[in-house]
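K.L.:
Need a 3D model of the following:
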Amino acid sequence: MTESTPTSEFETLPLPAEQIDNLRAMGYTTMTAIQKLALPLALDGRDLIAQAKTGSGKTASFAIPLLTKINPRFFGVQGLVLCPTRELATQVATEIRKLARYLANIKVVVLSGGVSIGPQIGSLEHGAHIVVGTPGRLKDHLRKNTLDISQVHTLVLDEADRMLDMGFSDDIQHIIGHTPEDRQTLLFSATYPNNIQKLSAQYQQTPEIIKVESTHTSNSIDQRFILCDRHQRPAALERVLAHFNIQQAVVFCNTKQSTEEIAQQLTSLGFIARAINGDLEQRDRDAILTQFKQGSANFLVATDVAARGLDVDDLPAVINVEVPREIEVYTHRIGRTGRAGKEGIAITLLADSEDHKRKALNHQQDIEIPCIAIDELSRSEPVPVLPEFATLCIAAGRKHKMRPGDVLGALTAPGGIQGSQVGKIHVLDMVSYVAVARTAARQAVDVLNKGRVKGKTIKARKL
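P.N.:
Now for the predicted structure:
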């Protein structure tokens, strides 16, 4: 007797059987709250304003309807997704490619700043079905006449509030002006301020407005305020790490200078800490984010914009060295922990002069967040535990036809390391990153540098 195939909530939608099978293979059987509300309307061709936070499953909410209208035989841009950062654009494109597996030869191109525009132009010359990009780089391509979006039937503005906060309003208007008026426009935003309403009024046709709560709840995140003077913040951070035994976290600061100072402090304590801010080159940002995602660094010290799009599985903690300038940003920050039913802790260092912010945050979270004075914390020193993995950088990526299987095969070839010593593998356009057991890192670098991948020698180094 054969086992029956599990039913899927997606079967209730007007989707091709091949997509239902693909979704099931991806583990998509139950719809998230935003998917239940957005998918029927979007599949019906309606314009949407969807208020949903990071981690709510919103990418599938717009990608699935977009893909149903793609004509694979026409290599013109039919779907356009705007994102605030390169990290988010890359993340969204990766998810779209997975959701598009049921269609043959669908090309998804990422157009974002921080990298050379030349290879992007070359890629566009061969056509693309879907473009995911940041406003500034999309505008560059339009100015150079290397991008034609006159045939776009689905326009998505992902994290629209952040794009407006980052000053992309004029660029967005310029880009939308190059798309057909009869397109479908799907607007996703974590918040719904006045500028979002104005944007919608200008570019959407009688949109449906839907809203879901974030996927984390206050009871899955243990929130604490640590009361200290401003000059005590470095000392308070060390005592927080020792008192709560935190070995991995995203540490948020409000300024670039603070990220550098805090990362240096954590490094001096013996942790592996990396700072990420707007001053970094894109390749360095990619390396740092990937290193943290692969579990090869204890702490990522970041500004809000630099951390946008960061999605880390099982992140145990978030630490706010400084209270965000905008109260709504607090929810974005702490929402990176306590996901999918897991427990997480969010700790915020709070000065006495910031009591008005404490009250505002309590009101926003609809709870009384416990306050602890710095003197109540343990006075012991934090004891660093180095991450199990180290990340290697390989000077070859997607553009060189590199695949995760090629990296794994090279590492585990005769004389190499064990497959159990290989962790996550991320293949980007020009480079690849692989996590290996820290104890085997030196051997892994030697194996890669002495070996060959697809008949070619490659260069590898430990980050």
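
K.L.:
Val250 is in what secondary structure piece?
P.N.:
Using DSSP states H and E, Val250 sits in strand 249-252.

K.L.:
Show me the strands in the stretch 51-200 of the chain, by range?
P.N.:
With DSSP state E, counting those that start in this stretch, the ranges of strands along the stretch 51-200 of the chain come out as 79-82, 108-111, 130-133, 154-157, 184-189.

K.L.:
Mind listing the strands the fourth one pairs with, and their directions?
P.N.:
When pairing is defined by DSSP bridges, strand 154-157 lines up against strand 79-82 (parallel), strand 184-189 (parallel).

K.L.:
Buried ones in stretch 353-361, by neighbour count?
P.N.:
For stretch 353-361, burial by neighbour count (16 or more other CB atoms under 10 Å) applies to Glu354, Lys357, Arg358, Leu361. Any C-beta I mention is one placed from the backbone N, CA and C, and that applies to glycine too.

K.L.:
before we move on, what SS does the nearest residue to the last one once chain neighbours are set aside have?
P.N.:
On the basis of CB to CB, 6 or more residues apart in numbering, the spatially nearest residue to Leu361 that is not a chain neighbour turns out to be Tyr330, at 5.8 Å. The assignment at Tyr330 comes out as helix when based on DSSP: H, G, I helix; E, B strand; the rest coil.

K.L.:
number of nearby residues for Tyr330?
P.N.:
Per other CB atoms under 10 Å, the neighbour tally for Tyr330 reads 22.

K.L.:
wait, isn't it in contact with Pro324?
P.N.:
Yes. With contact defined as CB atoms under 8 Å, Tyr330 and Pro324 form a contacting pair (5.4 Å).

K.L.:
residues touching the residue nearest to Leu82 when sequence neighbours are not counted, list them.
P.N.:
In space, and not counting its chain neighbours, Leu82 is closest to Leu157: 5.2 Å by CB to CB, 6+ apart. Leu157 makes contacts with Leu82, Met163, Ile172, Thr185, Leu186, Leu187, Phe188, Ser189, Leu199, as judged by CB atoms under 8 Å, 6 or more residues apart in numbering.

K.L.:
Just give me the closest of the residues you listed to Thr90.
P.N.:
For the contacts of Leu157, the residue nearest Thr90 by CB to CB is Leu82; the value is 13.8 Å.

K.L.:
my guess is the closest one meets Arg162, correct?
P.N.:
No. When contacts are counted by CB under 8 Å, Leu82 is not listed as touching Arg162 (10.8 Å).

K.L.:
The two - which one has more neighbours?
P.N.:
Neighbour comparison, Leu82 and Arg162: the larger count goes to Leu82, with 25 against 22 (by other CB under 10 Å).

K.L.:
tell me the pLDDT at the more buried one?
P.N.:
Note for Leu82: predicted pLDDT of 96.

K.L.:
Also Leu349?
P.N.:
Leu349 carries a pLDDT score of 94 in this model.

K.L.:
Wait, it touches Asp229, no?
P.N.:
No. Here Leu349 does not reach Asp229: they are 10.0 Å apart, not a contact under CB under 8 Å.

K.L.:
Which one's more surrounded, those two?
P.N.:
Higher neighbour count among Leu349 and Asp229: Leu349, with 23 against 12, using other CB under 10 Å.

K.L.:
And the more buried one, its phi and psi?
P.N.:
Here is the backbone geometry of Leu349 (degrees, to the nearest 10): phi -80, psi 130.

K.L.:
again, but for Ile347
P.N.:
For Ile347, the backbone dihedrals (degrees, to the nearest 10) come out as phi -120, psi 130.

K.L.:
Any idea how many residues pack against it?
P.N.:
Ile347 has 26 nearby residues by other CB under 10 Å.

K.L.:
Check Leu23 too.
P.N.:
Using other CB under 10 Å, Leu23 has 24 other residues around it.

K.L.:
is it fair to say it lies in a helix?
P.N.:
Yes. Under three-state DSSP, Leu23 falls within a helix.

K.L.:
my guess is it contacts Leu13, does it?
P.N.:
No. In this structure Leu23 lies outside contact range of Leu13 using CB under 8 Å: 9.7 Å.

K.L.:
Next, count neighbours for Thr185.
P.N.:
Counted with other CB under 10 Å, residues neighbouring Thr185 total 21.

K.L.:
With adjacent residues omitted, what lies nearest to Phe75?
P.N.:
Closest residue in space to Phe75, ignoring its immediate chain neighbours: Gly127 at 2.9 Å, by CB to CB, 6+ apart.

K.L.:
which ones are touching the one you found?
P.N.:
Contacts of Gly127 were listed using CB under 8 Å, 6+ apart, and they are Phe75, Gly76, Lys107.

K.L.:
Which of those residues are buried? Put it as a PyMOL command.
P.N.:
Remark: buried members of these, expressed as a PyMOL selection using 16+ other CB under 10 Å:
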select buried, resi 107
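
K.L.:
Any chance of a markdown table for the contacts of Gly127, columns distance to Ala42?
P.N.:
Formatted as a markdown table, the contacts of Gly127 follow (distance: CB to CB, whole Å):
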| residue | distance to Ala42 |
| --- | --- |
| Phe75 | 24 |
| Gly76 | 21 |
| Lys107 | 22 |
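
K.L.:
Point out where the stretch 201-350 of the chain drops to low pLDDT.
P.N.:
Low-confidence segments of the stretch 201-350 of the chain (pLDDT under 70): 213-219, 306-311, 313, 339-341.

K.L.:
give me that answer again for 50
P.N.:
Applying pLDDT under 50 to the stretch 201-350 of the chain flags the ranges 215-218.

K.L.:
all helices for it, in order.
P.N.:
In the stretch 201-350 of the chain, the helices defined using DSSP state H, counting those that start in this stretch lie at 233-244, 256-268, 282-293, 327-334.

K.L.:
nearest to Arg461, of these?
P.N.:
When the helices of the stretch 201-350 of the chain are compared by CB to CB, helix 282-293 sits nearest Arg461, at 10.5 Å.

K.L.:
ok now the closest one, how far from the chain's centre?
P.N.:
Its chain's average C-alpha position is 12 Å from that of helix 282-293, according to CA atoms, centre = their mean, to the nearest Å.

K.L.:
okay, the angle between it and helix 256-268?
P.N.:
Relative orientation of helix 282-293 with respect to helix 256-268: 50 degrees, computed using axes from the mean of the first three to the mean of the last three CA atoms, to 10 degrees.

K.L.:
follow-up on the earlier one: can you add distance to Leu241 and give the strands paired with strand 154-157 back as a markdown table?
P.N.:
Formatted as a markdown table, the strands paired with strand 154-157 follow (distance: least, CB to CB, whole Å):
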| stretch | distance to Leu241 |
| --- | --- |
| strand 79-82 | 38 |
| strand 184-189 | 34 |
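
K.L.:
re earlier: out of the contacts of Gly127, the closest to Ile374 would be?
P.N.:
The closest of those, once distances to Ile374 are taken by CB to CB, is Lys107, at 54.8 Å.

K.L.:
Grab the nearest non-local neighbour of the closest one.
P.N.:
Among residues not flanking Lys107 along the chain, Ala128 sits closest, at 4.8 Å (CB to CB, 6+ apart).

K.L.:
same deal with Gly136?
P.N.:
Excluding the flanking residues, the one nearest Gly136 by CB to CB, 6+ apart is Gly113, at 5.3 Å.

K.L.:
Fine, thanks again, bye for now.
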